[in-house]
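Enquirer: Fold the following and give me the result.
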Amino acid sequence: MAKEVAVKIKLQAPGGQATPAPPVGPALGQNGVNIGQFVSQFNERTKQLNGTIVPVVITVYKDKSFTFEVKSPPAAVLLKQAAEIAKGSGVPNKEKVGKVTVEQIRKIAEAKLKDLSAYDIAGAEKIIRGTARSMGIEIIEDSGQ
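Expert: This next block holds a predicted model:
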């Protein structure tokens, strides 16, 4: 018989660098999860992401055991890395803060495809383009097109 699920917790933590400090510790502690065990397993599984913010869904069972699923980093984080900016624009329609190429959009869309509500890569690219626009990031066409 399958274990009975007590709660599902959604968090965002830096890949490979999670600590028992907030937001991880309090969220897990109030549900009786062994925080140290989670942190070590999470850091082991996400060490290649090295500090990139990663969403994680933790399923806690009645017997206080847990499993977790690591999602792909948020589109905004990937876009900031691609455009090499610290943060998005406060007024995205007037003030552009960076540029990304169509090829970079495609790579981000491919990485995020399984976590997006898109049927194909073209739909995923539209979602990523919209996120970029709302952050004040300009999308430039590749010179090869």
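
Enquirer: quick one, what contacts the residue lying closest to Lys71 once chain neighbours are set aside?
Expert: Distance criterion Cβ to Cβ, 6 or more residues apart in numbering; nearest residue to Lys71, sequence neighbours excluded, is Pro55 at 4.2 Å. C-beta here means a position set from N, CA and C on the backbone, and glycine is covered the same way. The contact partners of Pro55, by Cβ atoms under 8 Å, 6 or more residues apart in numbering, come to 10-12, 70-74.

Enquirer: Go through those and give me the one with the most neighbours.
Expert: Pro73 (21 neighbours; other Cβ atoms under 10 Å).

Enquirer: Against Glu95, how distant is that residue?
Expert: Going from Pro73 to Glu95 by Cβ to Cβ, to the nearest Å gives 25 Å.

Enquirer: Likewise for Pro14?
Expert: Counting by Cβ to Cβ, the gap from Pro14 to Glu95 is 28 Å.

Enquirer: Looking at the two, which one has more neighbours?
Expert: Applying other Cβ under 10 Å to Pro14 and Glu95 shows that Pro14 carries more neighbours, namely 17 against 10.

Enquirer: Torsion angles phi and psi at that one?
Expert: The phi and psi values for Pro14, taken as degrees, to the nearest 10, are phi -70, psi 130.

Enquirer: Test my guess that it contacts Lys47.
Expert: No: at 11.0 Å, Pro14 does not count as touching Lys47 under the criterion of Cβ atoms under 8 Å.

Enquirer: just the strands in the chain please.
Expert: 5-14, 53-61, 66-70, 98-101, 137-140 (DSSP state E).
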